[in-house]
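Student: missing the sequence, but the structure's below:
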C-alpha cells in the first residue's frame, strides 16, 4: 500500500483548507492570460490596432503576385515547365488564403472595438449610478 506524502509540519495528511489557501495557480493563470490592453483604458493608434492584419494582407498579396508571375513564366518559357506548373498554383493558393484572412480580420477588429467602446460606456454609466 502506498503511503501519502507527509506534510511539512510532520502530520501524515494536511487538511484540505491549507491546500486551498496555498494553491494560487488558477488565479495566476487567469491573470497572466489576460491582455493588459483590454483592461487599461489607454487609447491606441490605428497602426497598433491594425498592424497584424495589414501585414498578413500585404504578405498574402505579395505571395499571390509571385504565384501569378510564376504561372505566366510557365506560358513563356519552354524548359523546366513542370516546375513552374507545380509551384505556381501553390503560391497562388497560399497568397489567396493569406489575403482573405487579412481581409476578414479587419472587420472583426472593428466589431471588437465597437463592443469595447460600448462596454466602457456602460461600465462608466453603471459606476456613476451605483457608486453614490
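Tutor: Cool, got the structure. Bear in mind the structure is a predicted one, so any value in this text is a computation, not a measurement.
Student: isn't residue 73 right next to residue 85, touching?
Tutor: No: here residue 73 lies out of contact with residue 85, judged by CB atoms under 8 Å, at a distance of 9.9 Å. Backbone N, C-alpha and C define where each C-beta goes, glycine included.
Student: packing partners for the longest helix along the chain?
Tutor: Ranked by number of residues, the top helix in the chain under DSSP state H is helix 81-130. Helix 81-130 sits against helix 46-76, with contacts defined as 3 or more CB pairs under 8 Å, 6 or more residues apart in numbering; DSSP states H and E.
Student: Remind me what the helix it packs on packs against, helices and strands.
Tutor: Packed next to helix 46-76, using 3+ CB pairs under 8 Å, 6+ apart, are helix 81-130.
Student: about what we covered before: could you give the mean pLDDT of the longest helix of the chain?
Tutor: Helix 81-130 shows a mean pLDDT of 88.
Student: what about residue 95, how many residues close to it?
Tutor: When neighbours are counted by other CB atoms under 10 Å, residue 95 registers 20.
Student: Next, residue 78: phi, psi?
Tutor: Note on residue 78: its backbone torsions stand at phi -90, psi -30 [degrees, to the nearest 10].
Student: For burial, what's the neighbour tally of it?
Tutor: 6.
Student: same deal with residue 93?
Tutor: With other CB under 10 Å as criterion, residue 93 counts 13.
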